[in-house]
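Chemist: have a look; sequence and predicted model below, questions after that.
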Amino acid sequence: MPGYIEDRWLTKRPDPETGKRRQTARYGKGKRYRVAGIPGVRDRSFEKLADANAWKAKAEHESKLGEFVDARRGQILFRTYVEEEWWPSKGGDVATLNTIRGRVWTHLLPRLGSLPLNSIKTPQLRALLKHLEDTIAPGTIHEAWGYLSSILQAAVDDERITKNYCKTSKSIKLPRRPERKPRAWSRERVAAVQAGLKPRLRILVDLGVSAGLRQSEVFGLAVEDIDEAKQVIHVRRQVKKVGAKLVFALPKGGKTRTAPAPPELLERLRAHLEAFPAKKVTLPWKDPRPPATDREAKERAPQTFELIVTGTRGGAVRRDSFNDREWKPALATAGVIAPPVQVRQGKSQRAVWKYAEAREEGFHALRHTAASVWLDARESIVSVSNWLGHGDASITLKIYAHMMPEADGRGRDAMNAWLKRET
């Protein structure tokens, strides 16, 4: 059935006596022309007949192709769509969800929340980007922008808007991420930072620099993960912070791996455990929230492991506490970062000692050092990738290519020999 246009101010049939169309009860009230009768399309009214005809032709064409999107569905506020439709449908790792929520609620909703969804176009995005560039770092901008694009694409899929301007606006250019090449530490720096830690924590440095473990993986390492006979460490879990609570979870990427454990590291582990015996720690698995179903109860059931390093009270080490109270003071003692400065904070303006940000000098620097040692020894990129737990060797190559040793002319000599055999 084709669509039609109804004049809501005048009757369809003329008056038999005058031959003219009569005024309806709606005469002079509201929009005059109503487009109706298009399959799958809600009626819509217009003030001008030309506008009604144009919209009718467009709606009939898009309806026939199955591509019609009612613009009125896009009038929902951005905040309402995010809070009531997009966010409740998100699933996945609870820690990742917390990160996403933090970015969206902090950087997107305050600027876009009061706008209708279908009004977020290039000018609005350009203004948002200018605000973000003035307030946060380029890396965080890329994260927030990615979440915004995901939201707008979901709205396209939900047939609330027709276009995701994050993807189509060619005039918008995100700032370039600063290129950060991982740097390896010298043996002297590693030793100096290690000496600045409490004796019970020094083994963390050995594990990070000798086996390439991430900080969270070292915190989750248990006695049962050390295989002295095969001289390997089984990386089976990490300690993650979800909200304010700690949980056990699989290593990053959701997969376990095996890392080499040289004899010297195994000797240091034995000495550490003799001086500081391992302690059993029980934590939920992956998600600390109370389960709502039997399946969730099984998946989140607490698990117990005999951890090699624990906190002062016998629990798992908390990353933020370790970094602020142990790692940064050790960096300052070793001269890696500047000494702390006294600042006042809070309503009471209490004086506290504060260290500078030290992102590039974090625990991850030990992992970079491990990679550099392996690559310098000419271990294959595939082996190093497996030991580090990267999803693909190309990731390892992208991160650490600058650390790989020069070929020393071996490729040139091999090709020269090959050519000589031709003659």
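Modeler: Looks like it came in fine.

Chemist: give me every residue that touches residue 365.
Modeler: Taking C-beta atoms under 8 Å, 6 or more residues apart in numbering, we find residue 365 in contact with 182, 183, 184, 185. Using the backbone N, CA and C atoms, a C-beta is placed for each residue, glycine as well.

Chemist: ok, 6 Å please
Modeler: residue 185 (C-beta atoms under 6 Å, 6 or more residues apart in numbering).

Chemist: how about the strands in the stretch 251-400 of the chain?
Modeler: Assigned by DSSP state E, counting those that start in this stretch, the strands in the stretch 251-400 of the chain fall at 257-260, 279-283, 303-307, 341-345, 350-354.

Chemist: any chance of the ones you listed in TSV, plus mean pLDDT and distance to residue 316?
Modeler: Formatted as TSV, these follow (pLDDT from 0 to 100; distance: least, C-beta to C-beta, whole Å):
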stretch	mean pLDDT	distance to residue 316
strand 257-260	94	20
strand 279-283	97	5
strand 303-307	97	6
strand 341-345	79	27
strand 350-354	77	25
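
Chemist: nearest to residue 150, of these?
Modeler: Nearest of the strands of the stretch 251-400 of the chain to residue 150, taken as C-beta to C-beta: strand 257-260 at 29.5 Å.

Chemist: partner strands of that closest one, parallel or antiparallel?
Modeler: Using DSSP bridges, strand 257-260 pairs in its sheet with strand 232-235 (antiparallel).

Chemist: I would like the residues contacting the partner strand, please.
Modeler: Under the contact criterion C-beta under 6 Å, 6+ apart, strand 232-235 has outside partners 211, 217, 225, 251, 257, 258, 259, 261.

Chemist: how far away from the center of its chain is the top helix by length along the chain?
Modeler: Looking across the chain with DSSP state H, the single longest helix is helix 138-157. On the basis of C-alpha atoms, centre = their mean, to the nearest Å, helix 138-157 sits 11 Å off its chain's mean C-alpha point.

Chemist: then stretch 160-175?
Modeler: Centroid displacement of stretch 160-175 relative to its chain, using C-alpha atoms, centre = their mean, is 20 Å.

Chemist: again with stretch 85-99
Modeler: So, by C-alpha atoms, centre = their mean, the centroid of stretch 85-99 is 11 Å from its chain's centroid.

Chemist: gap between the two ends of that stretch?
Modeler: 19 Å (C-alpha to C-alpha, to the nearest Å).

Chemist: what mean pLDDT does it get?
Modeler: Per-residue pLDDT over stretch 85-99 has a mean of 86.

Chemist: ditto for stretch 324-338
Modeler: Here the average pLDDT along stretch 324-338 is 92.

Chemist: just the buried positions in that stretch, please.
Modeler: Going by neighbour count (16 or more other C-beta atoms under 10 Å), the buried part of stretch 324-338 is 326, 327, 328, 329, 330, 331, 332, 334, 336, 337.

Chemist: out of these, who's nearest residue 171?
Modeler: Among the buried residues of stretch 324-338, residue 337 lies closest to residue 171 (C-beta to C-beta), at 40.8 Å.

Chemist: who are the contact partners of residue 43?
Modeler: 34, 36.

Chemist: pLDDT weak spots in this protein?
Modeler: Low-confidence segments of the chain, defined by pLDDT under 70: 1, 64-72, 346, 404-416, 418-423.
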